[in-house]
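Novice: could you look at this predicted model? Sequence included:
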Amino acid sequence: MARVHPFQTNFTAGELTPKLAGQVDFKKYNNGVEEMQNMTVFPQGGATRRYGSRFVAEVKDSSKSTRIIPFEFNITQSYILELGDQYIRFYKDNGQITNTPKTITGITQANPAVVTVSSHGYSNGDDVWINSVVGMTQVNGRRFRIANVTTNTFELQGVNSTGYTAYASAGTAADVFEIASPFTESQLYEIAFTQSADVMYLVHEDVAPRKLSRTGHTSWTMTEVDFKRGPYLDQNTTSTTMTPSGTSGSVTITASSSTFVATDVGRLIKFNSGHAKITNFSSATQVTATTTDNFSGTGGTADWSLGTFTSTKGFPKSVSFFEQRLIFAGTTTFPQTIKAAGYADNSNGTRVMSLAFSSPNPNL
């Protein structure tokens with residue numbers, strides 16, 4: 001009897017567990033396979049060989065862990081972010097983003113090679129790409145770490161150019177574009193992130209939430225998220241009162257009993273119809289704060305609340321967008337609590353409201 005091989009045109013169910021073998025009544029059975037290696041399935045149903053990879057550049061320090069994450073504004077403005085030990089580098093269009101190239105006027109045939117670039121502004125340890133050199137073409141299209149920097153020259157670390165063709169003319173040098181980051185090597189793979197247009201939010205339970213903004217290929221900034229009106233812990237239920245020295249600007253807040261700790265710097269506090277951010281710790285009963293919404297008066301009150309996100313209580317380790325709201329969740333002290341931002345406030349300092357609720361899911 002001839003063997004029959006069915007013609008399969010759809011693979012969108014992917015690989016099926018062996019436990020489903022022979023389960024022809026399973027809806028996805030006819031769109032699944034037993035094993036699929038090095039293939040990419042299209043949403044339309046077909047499949048093709050997976051795309052290959054290409055070496056673009058070495059990370060800043062190969063001896064340390066590094067993480068790459070996507071940043072996609074649209075199909076023509078997509079980036080790869082290299083997150084390393086307290087830095088971020090950027091890639092686009094199969095290349096590493098650099099600062100504006102500067103003109104090379106000379107490269108020596110020496111060990112190490114010395115490059116002349118007038119008033120380059122580089123520093124020891126910078127990574128520099130060299131291109132378009134006439135004569136000494138062996139250096140073109142390569143990235144070098146530089147050392148022994150002077151005002152107009154720098155050495156190519158570890159490069160012996162004595163056997164290279166003599167430099168004739170032209171050429172450019174461009175240092176790698178990089179910004180500072182608060183995240184250390186040990187924290188990289190615990191960072192959660194979410195993106196909306198040109199803004200990405202990154203969180204880690206030991207670091208205050210960060211906002212990464214893009215305004216151009218070489219114009220990226222990372223700032224601490226500026227919470228203005230929350231989120232807050234539950235309202236005080238003790239007899240302790242808070243008294244401000246003024247109603248606006250920089251004020252001294254005095255508690256009637258020990259309340260504050262040194263890690264409260266940067267924490268929000270609200271009472272007397274106002275909001276403020278603590279800027280200095282003086283003692284367990286006194287701090288300095290800057291108002292974000294003025295207090296209604298200078299009288300003492302037991303009706304106050306302290307901010308949720310702080311080194312004292314921990315920071316969120318999950319972040320996402322849901323129906324135009326920016327959502328934070330999972331602090332160290334309150335792992336099942338979710339905080340939601342007010343509508344349309346996400347890009348303007350992030351006025352996160354105390355719309356908190358507890359979830360029965362411990363993973364949130």
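Specialist: Arrived safely. Residues are numbered from 1 along each chain as shown.
Novice: quick one: low-confidence parts of the stretch 151-300 of the chain?
Specialist: Scanning the stretch 151-300 of the chain for pLDDT under 70 picks out nothing.
Novice: residues near N148, how many?
Specialist: 11 (other Cβ atoms under 10 Å). C-beta coordinates here come from the backbone N, C-alpha and C atoms, glycine included.
Novice: what about it, distance to P101?
Specialist: 21 Å (Cβ to Cβ, to the nearest Å).
Novice: can you give me the strands in the stretch 101-250 of the chain?
Specialist: With DSSP state E, counting those that start in this stretch, the ranges of strands along the stretch 101-250 of the chain come out as 102-103, 106-107, 114-116, 127-131, 142-147, 153-156, 172-175, 178-180, 192-196, 199-204, 207-216, 219-224, 242-244, 250-255.
Novice: show me what the last one pairs with in its sheet, parallel or antiparallel.
Specialist: Each strand paired with strand 250-255, and its direction, by DSSP bridges: strand 242-244 (antiparallel), strand 286-293 (antiparallel).
Novice: most tightly surrounded among the ones you listed?
Specialist: strand 242-244 (a mean of 22; mean count of other Cβ atoms under 10 Å).
Novice: dump the strands of the stretch 101-250 of the chain to JSON lines, plus distance to T310.
Specialist: Output for the strands of the stretch 101-250 of the chain, formatted as JSON lines (distance: least, Cβ to Cβ, whole Å):
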{"stretch": "strand 102-103", "distance to T310": "44"}
{"stretch": "strand 106-107", "distance to T310": "53"}
{"stretch": "strand 114-116", "distance to T310": "48"}
{"stretch": "strand 127-131", "distance to T310": "37"}
{"stretch": "strand 142-147", "distance to T310": "39"}
{"stretch": "strand 153-156", "distance to T310": "44"}
{"stretch": "strand 172-175", "distance to T310": "37"}
{"stretch": "strand 178-180", "distance to T310": "22"}
{"stretch": "strand 192-196", "distance to T310": "19"}
{"stretch": "strand 199-204", "distance to T310": "14"}
{"stretch": "strand 207-216", "distance to T310": "8"}
{"stretch": "strand 219-224", "distance to T310": "12"}
{"stretch": "strand 242-244", "distance to T310": "16"}
{"stretch": "strand 250-255", "distance to T310": "15"}
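Novice: of the strands paired with strand 250-255, which is nearest A168?
Specialist: A168 lies closest to strand 286-293 among the strands paired with strand 250-255, at 59.6 Å (Cβ to Cβ).
Novice: what's around the residue nearest to T98 when sequence neighbours are not counted, how many residues?
Specialist: Distances taken as Cβ to Cβ, 6 or more residues apart in numbering place A174 nearest to T98, at 3.8 Å, with adjacent residues excluded. Residues near A174, counting by other Cβ under 10 Å, number 18.
Novice: cool, and V59?
Specialist: 15.
Novice: regarding it, what is its secondary structure?
Specialist: With DSSP: H, G, I helix; E, B strand; the rest coil as the basis, V59 sits in coil.
Novice: that one and L81 touch, don't they?
Specialist: No - at 11.7 Å, V59 does not count as touching L81 under the criterion of Cβ atoms under 8 Å.
Novice: determine the residues that are contacts of both of those two.
Specialist: Here V59 and L81 have R89 as joint contacts, going by Cβ atoms under 8 Å, 6 or more residues apart in numbering.
Novice: quickly note the distance from I69 to T223.
Specialist: Between I69 and T223 the distance is 18 Å, computed by Cβ to Cβ.
Novice: and those two? Which one has more around it.
Specialist: I69 (16 against 9).
Novice: where do the helices sit along the protein?
Specialist: In the chain, no helices are found when defined by DSSP state H.
Novice: show me how this structure divides into domains.
Specialist: 14-49, 102-176, 242-306 (automatic domain parsing).
Novice: of all the ones you listed, which lies closest to F322?
Specialist: From the domains of the chain, taking Cβ to Cβ, the stretch that ends up closest is domain 242-306, at 22.8 Å.
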